[in-house]
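**Q** everything below, folded, please.
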Amino acid sequence: METGWISHNVMDALENNNCTILYDDDDIIAVNKCTGINVIPARGEDSAKSLKIQLEKKLQCNLFIVHRIDRMTSGVVLFAKNTVTHSDLCRQFERREVKKSYLALIDGILCNDVSCCEPIREFGSGRMGVHPDGKMSHTDIEVIENGEDVTLVKARPVTGRRHQIRVHLYHRGHPILGDTLYGKKRPVRNALRLMLHAQKVQFRHPGCGVMIVDAPTDASWQQESERFLPNQRDEGYYQKK
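**A** Numbering: from 1, shown residues only. Predicted coordinates:
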């Protein structure tokens, strides 16, 4: 992907939190968010700690939320820089024209690819679950690599329910390592972080056409990945899948 103009002052400031700018122009900014940071201010949290507020402070401009990923999930987050782009991108997400893919390291051995179409609803206290009365939800799971007792998968959510990938994998008996909400023993396998990473987003840029933004995994992911899957392939292999 061709990279736009990047402010090095902003880059330095974000790298203190292990977050980096992947793409930046007059219409959008794409950031590789690290685990442990909220995209927008959470209830009861210092708003200055959220990714959106940090970026706005350093860029000296207003940013518009297009989508979110969970606090403990790392990877690509897009923001719009103006109302026209915001409306355009929001329509793409609503129409399910945006293609997203995640890496997840899950408990147990998953032998075959699977499409998860179980409906999901909220059960209170921020916890979601599969239920017949829930909203239609769809996640495609592709097996990338098996370890001794873990599996690296690529998850492609078609719908965008809260905690969708985590809930679907937990329902199938394969919770994500490090998950503190979904799993019989939590955090799952005592992993030091949630092993879920938003690796790629494909969308239509209002000025450039189809664009793909890739986010490499960070040191915290690589450390836990090597611990549970020591003989894994090079990350470049996963990005091509």
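
**Q** what residues does the longest helix along the chain touch?
**A** Here the longest helix in the chain is taken by residue count, with DSSP state H as the criterion, and it is helix 83-94. Among residues not part of helix 83-94, those counted as contacts by Cβ atoms under 8 Å, 6 or more residues apart in numbering are D27, I28, F64, V66, H67, L78, A80, V98, G160, F203, R204, P206. For glycine as for every other residue, the C-beta is placed from the backbone atoms N, C-alpha and C.

**Q** at 6 Å what do you get?
**A** Outside helix 83-94, the residues within contact range by Cβ atoms under 6 Å, 6 or more residues apart in numbering are D27, F64, V66, H67, A80, V98, F203, P206.

**Q** which of these sits closest to A191?
**A** For these, the closest approach to A191 (Cβ to Cβ) belongs to H67, at 25.1 Å.

**Q** local confidence estimate at the nearest residue to that closest one once chain neighbours are set aside?
**A** If you skip the residues right next to it in sequence, H67 has F93 as its closest partner in space, 5.8 Å away by Cβ to Cβ, 6 or more residues apart in numbering. Looking at F93, its pLDDT reads 97.

**Q** gap between F93 and P157?
**A** 11 Å (Cβ to Cβ, to the nearest Å).

**Q** what about the two, which has more around it?
**A** The residue with the greater number of neighbours, taking F93 and P157 and applying other Cβ atoms under 10 Å, is P157; the counts read 21 against 15.

**Q** so who does the closest residue in space to that one that isn't next to it in sequence touch?
**A** In space, P157 comes closest to T139 once its chain neighbours are excluded; the distance is 5.0 Å by Cβ to Cβ, 6+ apart. Taking Cβ under 6 Å, 6+ apart, we find T139 in contact with C116, A155, P157, Q164, I165, H168.

**Q** between the contacts of helix 83-94, which is nearest D133?
**A** Of all these, the one with the least separation from D133 (Cβ to Cβ) is H67, at 25.3 Å.

**Q** V143 versus that closest one, what's the distance?
**A** 26 Å.

**Q** next, give phi and psi for the most centrally placed residue in the chain.
**A** Against the mean C-alpha coordinate of the chain, by Cα atoms, centre = their mean, the closest residue is A198 at 3.0 Å. Per-residue torsions, A198: phi -80, psi 100 (degrees, to the nearest 10).

**Q** what distance do you get for it to E97?
**A** A198 is 17 Å from E97, by Cβ to Cβ.

**Q** what does P216 give?
**A** Counting by Cβ to Cβ, the gap from P216 to E97 is 25 Å.

**Q** more crowded one of the two?
**A** In terms of neighbours (other Cβ under 10 Å), P216 is the more surrounded of P216 and E97; the figures are 15 against 12.

**Q** and the more buried one, which helix or strand is it part of?
**A** Secondary structure here is read from DSSP states H and E; on that basis P216 sits in neither a helix nor a strand.
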